[in-house]
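Chemist: sequence plus predicted model, see below.
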Amino acid sequence: MNGDQEMRRRVEELRQTFKSGKTRSVDWRKSQLQAILRLIHENEDTLFKLLQSELGKHPVESYRDEVGVVKKSADHALRCIDKWISPTKGWLPLVFFPASRQVLSEPLGLVLIIGSWNFPISLTLDPLIGAISAGNTVVIKPSELSPKCSSFLANTLPCYLDPKAVTVIEGGQEVSSQLLEYQWDKIFFTGELRVGKIVMAAAAKNLTPVTLELGGKCPAIFDCLPNSDLKVAAKRVASGKWGACAGQACIGIDYMLVEQKFASKLIEQLKKTIKIFYGDNVQKLKNHSKIINKVHFNRLRGFLEDPAVANCIVYGGSFDDSNLIIEPTILLDPPLDAEIMNEEIFGPLLPIITMENIEESIEFINSKPKPLALYAFTKNENFKKLILAGTSSGSVTFNDTMIQGARENRRSHREIPTREKLRWSPDGREPGGAGGKGAGQMRKAGREMLYALFHSQFVCDDLPFGGVGQSGIGRYHGKYSFDTFSHEKAVLERSFYFELEPRHPPWNSFKLEF
Ligand code: NAD
């Protein structure tokens, strides 16, 4: 059997499973969600190692953006699924009396999830949680650019999840193109705009609905702030820009807009913060991921090879070729027609554009395609209203980055307080090591608190996550994920008890006046 035949066989098997009705059972869905939790829990250490070696992610970052995200989503889905699948009832116009109506969520069928490499675990398993909760069968195609995580998913998922309902097909663009030729009931794609268009064109042939989680240039407006707020804001910018996969994040800040008179203050504060968070030696950067591969490394270096851009570097700009690390880099007022101001950066370079008046930022943002995320640091309530009314973006976050709004940490998942495995101290020491048992206990308590806090980072179940215009189509997270993979079926039932005769022919002038 050749590769294509084998792939078709596996996909067909999943279609048959869906037809059997097995995945519609709520017990089945819950068992699969529990299996995802078990998978993550039992493989945490392996995942930390894989993400460290593939992307240079620190385990704390991996927990916050990958492992913790999946745990939280699976846990949330398990708690909410009974409510999500319950039909919603409501009122009907009197003319239908007596009758009842409900909206039933039914699974779409067989879905394809195509993932990206920057969050290779959460960007595949998080949509999977939505697809399973909604009762679908699923094919996952992870990115070939994170091959270790891809093969982890391919080898480990079948050990936990129902292999007749969920399968991982590995490969690059050719495999992806092949898969796109099959008939799907939904395609969920995370990746770049160019490929999103290919996916949508392929889906259109079968009228398959798509969710496209794309990227683009996410702006951050930075209003003048008092010193104390500036310090906090600089931490949030530095942590969101460079502390999440070294800027290789779809919702990472791409560029900042600031008033001329405030720019030097902002840059000085960012410099200080970068030094504390990451150090200033590119060979020894701490808490900073690497660039995924040489191609992307050279792409980023290429932005700075333009002399007009290189002249604008006010901080950083060093490269460690052997480890694919680029220092956090700030540029002041690069030319607006330079590549760096027109392509998605997706890396640790941060252009800062100055303007006379911060309100000009709205026009600036509107001159570009609608971004996935828009950030604004301001205390001015009128300006916030102007931003909300005057711009369009997938999301708006005021005074922070990457969190997409605050989510109340209602009940953090249960495993956190008991787990001791993660050694997140930079020197990798065991809890209770140096400093004696008491200090170890203190560190452990501190870690647990951090884990609980991380629960509210990056993914908010109560907010839809997705783009608008060129930054994407559709949304997910929490109940939005369930809805993304469901069809809402309208059901209306009449009784034979009573009939309103004027609604039927023969028509006459009396009925017109009635
Ligand atoms: P990509 O589009 O190159 O690849 C994504 C997936 O598509 C991979 O699995 C790849 O194998 C497949 N693919 C690539 N070329 C294809 C083709 N011609 N036909 C069919 N399939 C193809 O994107 P990437 O480099 O993995 O990710 C970076 C992009 O993704 C950035 O633009 C970023 O902003 C965006 N992104 C968006 C989100 C989000 O949630 N909105 C999250 C992460 C990344």
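Modeler: Perfect, thanks for sending it. Numbers count the residues shown, from 1 in each chain.
Chemist: show me the helices in the stretch 351-500 of the chain, by range?
Modeler: 360-366, 381-390, 436-454, 479-484 (DSSP state H, counting those that start in this stretch).
Chemist: assign a three-state SS to the residue nearest to Lys489 when sequence neighbours are not counted, would you?
Modeler: Of all residues not flanking Lys489 in the chain, Leu104 sits nearest, at 4.5 Å (Cβ to Cβ, 6 or more residues apart in numbering). Every residue, glycine included, has its C-beta placed from N, CA and C. Under the three-state scheme (DSSP: H, G, I helix; E, B strand; the rest coil), Leu104 adopts strand.
Chemist: mind listing what Leu104 touches?
Modeler: Contact analysis of Leu104 by Cβ atoms under 8 Å, 6 or more residues apart in numbering lists 87, 488-489, 491.
Chemist: for the residues you listed, which one is nearest the ligand?
Modeler: If you rank the contacts of Leu104 by distance to the ligand using Cβ to the nearest ligand atom, Glu488 comes first, at 23.4 Å.
Chemist: and the closest one, how far is that from Ala154?
Modeler: Distance, Glu488 to Ala154, by Cβ to Cβ, to the nearest Å: 33 Å.
Chemist: one more: Ser393?
Modeler: Distance from Ser393 to Ala154, by Cβ to Cβ: 35 Å.
Chemist: identify the bridge partners of Ile325.
Modeler: Legend: beta-bridge partners of Ile325 under DSSP bridges are Asp320.
Chemist: that one contacts Val282, doesn't it?
Modeler: Yes. Under the criterion of Cβ atoms under 8 Å, Ile325 makes contact with Val282 at 6.0 Å.
Chemist: shared neighbours, the two?
Modeler: Joint contacts of Ile325 and Val282 (Cβ under 8 Å, 6+ apart) are Phe319.
Chemist: give me the element the residue of the stretch 1-150 of the chain found nearest the ligand is part of.
Modeler: Of all residues in the stretch 1-150 of the chain, Ser116 sits closest to the ligand, at 3.4 Å by Cβ to the nearest ligand atom. For Ser116, there is no host helix or strand (DSSP states H and E).
Chemist: excluding its backbone neighbours, what's nearest it?
Modeler: Sequence neighbours aside, Thr190 is the residue nearest to Ser116 in space, at 4.5 Å (criterion: Cβ to Cβ, 6+ apart).
Chemist: who in this protein is up against the ligand?
Modeler: Residues of the chain lying near the ligand by Cβ under 6 Å from any ligand atom: 114-118, 123, 141, 143-144, 172-173, 176-177, 180, 190-192, 195, 198, 213-215, 250, 344, 346, 372, 472.
Chemist: just the buried members of those?
Modeler: The neighbour-count test (16 or more other Cβ atoms under 10 Å) marks 114-118, 123, 141, 143, 176, 180, 190-191, 195, 213-215, 250, 344, 346, 372, 472 as buried among the residues of the chain next to the ligand.
Chemist: how about the contacts of Leu104 in CSV, adding neighbour count and pLDDT?
Modeler: Formatted as CSV, these follow (neighbours: other Cβ atoms under 10 Å; pLDDT from 0 to 100):
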residue, neighbour count, pLDDT
Pro87, 12, 93
Glu488, 11, 97
Lys489, 11, 97
Val491, 11, 95
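Chemist: which of these sits closest to Val95?
Modeler: Among the contacts of Leu104, Val491 lies closest to Val95 (Cβ to Cβ), at 17.9 Å.
Chemist: now do the closest one against Asn323, distance only.
Modeler: According to Cβ to Cβ, Val491 stands 58 Å off from Asn323.
Chemist: look at Ser393 and Ala154 and report which has more neighbours.
Modeler: Taking neighbours as other Cβ atoms under 10 Å, Ser393 and Ala154 compare with Ser393 leading, 22 against 15.
Chemist: dump the residue contacts of that one.
Modeler: Contact criterion Cβ under 8 Å, 6+ apart gives 218, 365, 370-374, 468, 471 as the residues in contact with Ser393.
Chemist: and the helix or strand hosting Met256, what does it pack against?
Modeler: Element membership for Met256 (DSSP H and E) is strand 255-259. Applying 3 or more Cβ pairs under 8 Å, 6 or more residues apart in numbering; DSSP states H and E, one finds that strand 255-259 makes contact with strand 219-222, strand 349-355, helix 360-366.
Chemist: let's see the helix or strand immediately after the first one in the chain as PDB, backbone CA atoms only.
Modeler: It refers to strand 219-222. As assigned by DSSP H and E, the chain's next helix or strand after strand 219-222 is helix 227-242. Extracted in PDB, the C-alpha atoms of helix 227-242 (Å, rounded to 0.1, in the frame of the first residue of the first chain):
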ATOM      1  CA  ASN A 227       7.000  56.300  36.000                       C
ATOM      2  CA  SER A 228       5.500  53.600  38.300                       C
ATOM      3  CA  ASP A 229       3.000  52.500  35.600                       C
ATOM      4  CA  LEU A 230       5.800  52.700  33.000                       C
ATOM      5  CA  LYS A 231       7.800  50.100  34.900                       C
ATOM      6  CA  VAL A 232       5.000  47.700  35.100                       C
ATOM      7  CA  ALA A 233       4.100  48.200  31.500                       C
ATOM      8  CA  ALA A 234       7.700  47.700  30.400                       C
ATOM      9  CA  LYS A 235       7.700  44.300  32.200                       C
ATOM     10  CA  ARG A 236       4.500  43.300  30.500                       C
ATOM     11  CA  VAL A 237       5.800  44.300  27.100                       C
ATOM     12  CA  ALA A 238       9.200  42.700  27.600                       C
ATOM     13  CA  SER A 239       7.700  39.500  28.900                       C
ATOM     14  CA  GLY A 240       5.000  39.300  26.100                       C
ATOM     15  CA  LYS A 241       7.400  40.200  23.300                       C
ATOM     16  CA  TRP A 242      10.500  38.200  24.200                       C
END
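Chemist: nearest residue to Ala310 other than its sequence neighbours?
Modeler: Closest residue in space to Ala310, ignoring its immediate chain neighbours: Leu304 at 5.2 Å, by Cβ to Cβ, 6+ apart.
Chemist: ok, the one you found touching Cys312?
Modeler: No. With contacts counted by Cβ under 8 Å, Leu304 stays clear of Cys312, the gap being 9.2 Å.
Chemist: gap between the nearest residue in space to Trp84 that is not next to it in sequence and Ser25?
Modeler: Closest residue in space to Trp84, ignoring its immediate chain neighbours: Phe482 at 4.8 Å, by Cβ to Cβ, 6+ apart. Applying Cβ to Cβ, the value for Phe482 to Ser25 is 16 Å.
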